[in-house]
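[1] Just the structure for this:
(chains A and B)
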Amino acid sequence: MALKLHGESISTCTSRPMFCLHEKGVDFELVPVNLMVGEHKQPPYLATKNPFGQIPAFEDGDLTLFESRAISRYIATKYKAQGTDLLRQDNLKEFGLVEVWLEVESQAFNPPISAIVYQISISPMLGGTTNDQVVEANVEKLAKVLDIYEERLSKSKYLAGDFFSLADLHHIPYTHYFMKTPKASLITSRPHVKAWWDSISSRPAIKKVTAGMNFA
Amino acid sequence: MAVLKVHGGVLSTATQRVLACLHEKQLEYELVRVDMAAGDHKKEPFLSLNPFGKVPAFEDGDLKLFESRAITQYLVYTYPEKGTELIYQDPKKMATIGVWMEVEAHHFDPVASKLVWELFFKPMFGMAVDSAVVTEYEAKLSQVLDVYESRLGQSKYLGGDCFSLADLHHLPCMQYLMGTPVKELFYARVHVAAWCNDLLARPAWNKVMELKNQA
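    Next comes the predicted model:
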């Protein structure tokens, strides 16, 4: 039975497990969810897919999952033996460092970058406005985070070590859209962060997904 | 086995999260207290352990880690045979624990820790409570706990039949909130209340609270 990912290919969170599926070379079916009519907030979706009313949701036979990072982690674990080794579980030290940078993405990087992308790119698309104060406050936070990334990436080719991992992959969705905003210089002005971004965003598996990620 | 070291503070929810895991796993460790009042977590040598300047940091021999949820995951995978398992080896069962660990990190913690700050730490520091923020975040927590009530009506613990990391990660904020009026939000929901009572009574958690109370 095919793996099913419920969501939209332009959605940052839906794309996160899509990158993982492509890095693993695993086939799946993308099942569209009609966000415009609020399908994700209706009782059937809430009851069977995601009680928090968000995309994506994921099915593997009788297993249903939600939360993009839990879905990608499941894929990386189940298909450990094929494609790119994203969790490095055979080497506990490497695994520990992957866990650290997975949490850094989730706790330190995601809040400010997602706020900036929402304000600049998503809110206007939904008929809202850009709150410049929110943008600037989050630009300041993201700059401090990226200073630490710059230092880290001056010592290590990728975040967890000299290997691409799930920790790098989780950064791709929001950074992809961030690079289309006027704030992209936060990345491009930091040489090691820029080199890391150029490297991970040009991976063939990644490009297969980002080709379909355009808001316009 | 090298000495496991935790650098942190016993009042810190994130430090307590790691200590809870160590006690569940019955692992020996050394707690290196960081003087947060003096701002030691924002200076060297702490910054070499965690460049983000937050407690806890962790050492296992020459491996240095930070982020409490990374440390707990490292512990459960590295020492599977010790103490409470806290994870499943089966990928499908483990995936459900993974979902609820993300729910704790992205839905519960942002809201709960804001309330812990307003209702516990601000009074402790002599700062004024922002009641508008408390009202706003109580409403958000209610919505999250409604989802938990439904889940715990179908499953004894969040990840399945067994106590796991997904439940454990909630303990520090849950315990603090039980000392505030917000506890009513938990106790208004039958299954959430039973789950809280179960978690808070765990011997390993009570050892962490003894440490905190000695401080």
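[2] which ones are touching residue A:66?
    A:49-52, A:54, A:56-58, B:99 (CB atoms under 8 Å, 6 or more residues apart in numbering or on different chains). From N, CA and C alone the C-beta is placed, and that goes for glycine too.
[3] can you do 6 Å?
    Residue A:66 sits next to A:50, A:57 when contact means CB atoms under 6 Å, 6 or more residues apart in numbering or on different chains.
[4] bridging residues for it?
    Beta-bridge partners for residue A:66, by DSSP bridges, are residue A:57.
[5] What separation do you get for the spatially most distant residue from the centre of chain A and residue A:51?
    Most distant residue from the mean C-alpha position of chain A: residue A:43, 26.7 Å away (CA atoms, centre = their mean). Going from residue A:43 to residue A:51 by CB to CB, to the nearest Å gives 10 Å.
[6] ditto for residue A:153
    Taken as CB to CB, the span from residue A:153 to residue A:51 is 38 Å.
[7] more neighbours, those two?
    For the pair residue A:153 and residue A:51, the greater number of neighbours falls to residue A:153 (20 against 16), based on other CB atoms under 10 Å in any protein chain shown.
[8] packing partners for the helix or strand harbouring residue B:166?
    Following DSSP states H and E, one finds residue B:166 within helix B:165-168. Packing partners of helix B:165-168 (3 or more CB pairs under 6 Å, 6 or more residues apart in numbering or on different chains; DSSP states H and E): helix B:91-103.
[9] Mind listing what's buried along the following helix or strand past the helix it packs on?
    The helix or strand immediately downstream of helix B:91-103 is helix B:109-116, counting by DSSP H and E. Using 16 or more other CB atoms under 10 Å in any protein chain shown as the test for burial, helix B:109-116 gives B:109, B:111-116.
[10] Could you check how far residue B:84 is from residue A:165?
    Distance from residue B:84 to residue A:165, counting by CB to CB: 28 Å.
[11] More neighbours: which of those two?
    Per other CB under 10 Å, whichever of residue B:84 and residue A:165 has more neighbours is residue A:165, with 24 against 18.
[12] what residues does chain B put near chain A?
    B:51, B:63, B:65, B:67, B:69-70, B:73-74, B:78, B:91-92, B:95, B:98-99, B:102, B:147 (CB under 6 Å from any CB of the partner chain).
[13] Show me the shaky parts of chain B.
    Residues of chain B that meet the criterion pLDDT under 70 lie in B:1.
[14] in it, which spans are strands?
    B:4-8, B:29-33, B:57-60, B:63-66 (DSSP state E).
[15] export those strands to JSON lines and tack on mean neighbour count?
    Listed next are the strands of chain B as JSON lines, based on neighbours: other CB atoms under 10 Å in any protein chain shown:
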{"stretch": "strand B:4-8", "mean neighbour count": "22"}
{"stretch": "strand B:29-33", "mean neighbour count": "15"}
{"stretch": "strand B:57-60", "mean neighbour count": "24"}
{"stretch": "strand B:63-66", "mean neighbour count": "20"}
